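Asks: Structure for the following, please:
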Amino acid sequence: MTTPVLILPGLGGSGPDHWQRHLLGAVRHAQLLEQADWNRPNLAAWQGRLEDALALAPGAILVAHSLACALVAHVAARRPDLPVGGALLVAPADVDAPGSIAERVATFRPMPLRPMPWPAIVVASHDDPCITFARAGQLAEAWRAQLVDLGASGHINIASGFGQWPLAGRLTALLARAASRRKMATDASTGRHRPGLTGAPAYGPPA
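Replies: As a prediction, this is how the structure comes out:
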């Protein structure tokens, strides 16, 4: 894979055995975006770092987990001109829901519901403590994203057993191939191209 990949952890960052760290080691052109303070998230600060990273890695695939999915949604709504190749949004945190972390994520509310200007895939679980599956489906529909049903998989993190996770690599590669096709089409034509995942497989809960 030659398309750059930016890995975006959520609240608290991603520990050493998190699937995002494994993806970082497995993908040649991947970088993990470090934030100044993982435990006191600020949307403006996080967005600034992401914009700076995209300036150095135009066309990158964004691989976000939890609160970082809200970051991507805000960037998509506020800066649709940014050079993003696609977004993999895993276990998005419902920042609009009441709960123990509501005040910590206040700057990320409300969750944007505009269609993403680039292809996106949402991966959701039926027993995620940070979002209901129904709400994840609503977000995927609003963002015009493909929804991947991962069954009962918790918050899709270390606590629910997601260290090595090959599907993350496959979905990232799917987005990268789609981005490459769009770039070739754009290079050959001056027309606009609607975001999409031609021939994208449908995923259901694991057997």
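Asks: a strand runs through residue 64, doesn't it?
Replies: Yes. With DSSP: H, G, I helix; E, B strand; the rest coil as the criterion, residue 64 is located in a strand.
Asks: now it: how far from residue 15?
Replies: Residue 64 sits 16 Å away from residue 15, taking C-beta to C-beta, to the nearest Å as the criterion. C-beta: built from backbone N, CA, C; applies to glycine.
Asks: Between these two, which is the more surrounded one?
Replies: The neighbour comparison of residue 64 against residue 15 (other C-beta atoms under 10 Å) goes to residue 64, with 26 against 13.
Asks: The more buried one reaches residue 86, doesn't it?
Replies: No. The criterion here is C-beta atoms under 8 Å, and residue 64 misses it with residue 86 at 11.2 Å.
Asks: Number of residues surrounding residue 13?
Replies: One way to gauge burial is a neighbour count; for residue 13, by other C-beta under 10 Å, it gives 16.
Asks: If we ignore the residues flanking it in sequence, what's nearest it?
Replies: Closest residue to residue 13 in three dimensions, ignoring its sequence neighbours and counting by C-beta to C-beta, 6 or more residues apart in numbering: residue 38, at 3.9 Å.
Asks: quick one: secondary structure of the one you found?
Replies: The three-state label for residue 38, taken from three-state DSSP, comes out as coil.
Asks: What helices and strands are in contact with the longest helix seen in the chain?
Replies: Once the chain is assigned using DSSP state H, the helix that runs over the most residues is helix 166-188. Packing partners of helix 166-188 (3 or more C-beta pairs under 8 Å, 6 or more residues apart in numbering; DSSP states H and E): helix 19-26, strand 60-65, strand 84-90, strand 120-124.
Asks: for the last one, packing partners?
Replies: Packing partners of strand 120-124 (3+ C-beta pairs under 8 Å, 6+ apart): strand 84-90, helix 133-143, strand 146-149, helix 166-188.
Asks: about what we covered before: now the helices and strands packed on helix 166-188 as JSON lines including mean pLDDT?
Replies: As requested, the helices and strands packed on helix 166-188 are arranged in JSON lines below (pLDDT from 0 to 100):
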{"stretch": "helix 19-26", "mean pLDDT": "96"}
{"stretch": "strand 60-65", "mean pLDDT": "98"}
{"stretch": "strand 84-90", "mean pLDDT": "98"}
{"stretch": "strand 120-124", "mean pLDDT": "98"}
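Asks: Now distance to residue 112 too, for the ones you listed, in a markdown table please.
Replies: Compiled in a markdown table, the helices and strands packed on helix 166-188 are given as follows (distance: least, C-beta to C-beta, whole Å):
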| stretch | distance to residue 112 |
| --- | --- |
| helix 19-26 | 22 |
| strand 60-65 | 14 |
| strand 84-90 | 12 |
| strand 120-124 | 12 |
